[in-house]
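# no sequence on this one, just coordinates:
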Ligand code: URA
């Protein structure tokens, strides 16, 4: 395939825009800046734009360490969408594989693969999610038992599925909670039903995918092949 056609497909741009991009010198083929759109690529060629390998533009699987103040949806008039934290081509193809509230921080998965995200979000697959929770009031002695038995949330017919709680620091009202479903505001509503209040919420894990500690709030990285495969 010609280099300019490859850029159009990979970045979702027009032939004219591809020509401009090539002129800028930001496109490299096997590490060497290339300005010729007519260049014929072979499968072995590595094309990069601004040092980002374009072979990665296809199915993309991203983990973001979401800071507070960003929504996992389109702009809502008050808050920025977490998409503004990504510097990616073809942004319109990406979607959130599960959401966090605006004030919740931590692991958010983003992809353009609908089947993959369905495995994470569909209630049928009961994908585990682990949250670090800080409560306003002390952790009740009966919480672990009640969370295992299932909690009756307001406006829900069924009890929540058994959840696992582990106290991290009782003096700080800090615990880890693993749930297997993703109802609206679920963790906050579970503790509200227990008569407490979530002060701070941070997601650390989705299925086998653990938030990379090297990611500062607002940073993201591509998932590894093992992380991607763990969802299927
Ligand atoms: N449960 C909540 O209450 N909020 C979140 O953001 C995620 C889970």
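That came through fine. The structure presented is a predicted model; accordingly, all values stated were derived computationally and were not measured.
# Show me what from this structure comes close to the ligand.
With CB under 6 Å from any ligand atom as the criterion, the chain comes near the ligand at residues 100, 101, 104, 185, 186, 187, 188, 201. Heads up, the C-betas are built off the backbone N, CA and C, glycines and all.
# ok, what's across the strand from residue 221?
Assessed by DSSP bridges, residue 221 has beta-bridge partners residue 63.
# residues in contact with it?
Shown here is residue 221, whose contacts under the criterion CB atoms under 8 Å, 6 or more residues apart in numbering are 62, 63, 212, 215.
# give me that answer again for 10 Å
Contacts were defined as CB atoms under 10 Å, 6 or more residues apart in numbering; by that measure residue 221 touches 62, 63, 64, 65, 212, 214, 215.
# Could you pick out the longest strand of the chain?
When the chain is parsed with DSSP state E, its longest strand is strand 198-206.
# Tell me how the chain divides into domains.
Taking automatic domain parsing as the domain assignment, the record places the domains of the chain at 3-53, 61-225.
# starting at the chain centroid, how far to the first one?
In terms of CA atoms, centre = their mean, to the nearest Å, the gap separating the centre of domain 3-53 from the centre of its chain is 28 Å.
# ok, now the longest one?
Going by CA atoms, centre = their mean, the spacing between the C-alpha centre of domain 61-225 and its chain's C-alpha centre is 10 Å.
# Give the residue farthest from the middle of this structure.
residue 38 (37.3 Å; CA atoms, centre = their mean).
# Now do the contacts for the residue nearest to that one when sequence neighbours are not counted.
Among residues not flanking residue 38 along the chain, residue 2 sits closest, at 5.9 Å (CB to CB, 6 or more residues apart in numbering). Under the criterion of CB under 10 Å, 6+ apart, the contact partners of residue 2 comprise 8, 15, 18, 36, 37, 38, 39, 40, 41.
# Which members of the contacts of residue 221 are the farthest-apart pair?
Spanning the widest gap among these are 62 and 214, at 14.7 Å by CB to CB.
# So, low pLDDT: which residues of the chain?
For the chain, applying pLDDT under 70 flags the ranges 55-58.
# Right, I'll call it a day here.
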